[in-house]
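A.B. asks: Here's a sequence, model it:
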Amino acid sequence: MNMAPDAPAPPTRWSPLAIASIVTSVLPLASALAPLLGVGALIGLRGRPHLRGQALAWAGIAVGIAATGLQVAGAWSIARAFNTLAARPEQALRAAWAGDAEGLRGTMTPPGNEATEARIAAWVADLRGRFGEFESVRMSPTAPGSAAPVGEREMRAAYEASFRRADGTVAAVPLAVTFERPTTSEAIDSIRVRRFAFMPGDGTRIVWPDDEPTADGAKQDAAKPGQ
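C.D. replies: Numbers count the residues shown, from 1 in each chain. Okay, the predicted model is just below:
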């Protein structure tokens, strides 16, 4: 009597690598490991009929690749926005030096974005007379040298502005830049320059477009409705 061969036993256990692949695929940062774990699971499933998880492994690979791509794109977008923000003071000063009042106003919040051409020209003339021709601005590794308070939507960063004097020498002037975020947006791209404060080291402070607030003034502004 012919006996039919026994049917292969169905898989009884899940592949640990397949499970790890699908789990890590949805975790921030760890999603980059999901495709590697998924491939490892597929290789490990060969010749092991007691293990199951092929579909999980493929899902982990697909989701991991997609999630990693979205995270990389998001990180690149944020980095580009921060670089644009960090370069905004130089963009503003170059526009002012070129006589491009509209270009300067586009980088600033009120009252700078409402400054007249005459007021901008007077400010540039003052800086030119003190320091020379503007060359560049770079971020400084030191903290901003200003004790003036900042508002709730403001932040301050330290820069160094380079000017070339008439004799050819270069003057490096510490510069505190105050940025302000509008109330209507949380996007990094919406942040503009509120105030420049040049500190040449002789005790003077050249602040534009408005005076820095005092501690008492900041408290009064914070107490106003809608602030």
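A.B. asks: List the residues that contact the residue nearest the centre of the chain.
C.D. replies: Nearest to the mean C-alpha position of the chain, by CA atoms, centre = their mean, lies residue 82 at 2.8 Å. Counting by CB atoms under 8 Å, 6 or more residues apart in numbering, residue 82 touches residue 188. No exception for glycine: its C-beta is placed from N, CA and C like everyone else's.
A.B. asks: oh, and call the first residue 813 from now on, that's how I've got it
C.D. replies: Right, with 813 as the first residue, what we last looked at is residue 894.
A.B. asks: Now do the helix or strand containing it, average pLDDT.
C.D. replies: Of the helices and strands defined by DSSP states H and E, residue 894 is found in helix 866-898. Here helix 866-898 scores 94 as its mean pLDDT.
A.B. asks: Would you mind identifying the next helix or strand past that helix?
C.D. replies: Counting by DSSP H and E, the next helix or strand C-terminal to helix 866-898 is helix 900-909.
A.B. asks: So for that following helix, what gets flagged as buried?
C.D. replies: 900-908 (16 or more other CB atoms under 10 Å).
A.B. asks: name the element residue 856 belongs to?
C.D. replies: helix 846-857.
A.B. asks: same thing with residue 914?
C.D. replies: Element membership for residue 914, per DSSP H and E: helix 913-917.
A.B. asks: Report the mean per-residue pLDDT for that helix.
C.D. replies: 96.
A.B. asks: following that helix, which helix or strand shows up next?
C.D. replies: helix 929-943.
A.B. asks: Pull up the pairing partners for the following helix or strand past that following helix, direction included.
C.D. replies: Reading on from helix 929-943 to the C-terminus, the next helix or strand found by DSSP H and E is strand 945-951. Sheet partners assigned to strand 945-951 using DSSP bridges are listed as strand 966-976 (antiparallel).
A.B. asks: Whichever helix or strand comes after the partner strand versus strand 945-951: what angle between them?
C.D. replies: Later in the chain than strand 966-976, the nearest helix or strand by DSSP H and E is strand 982-992. Orientation check (axes from the mean of the first three to the mean of the last three CA atoms, to 10 degrees): strand 982-992 against strand 945-951 gives 60 degrees.
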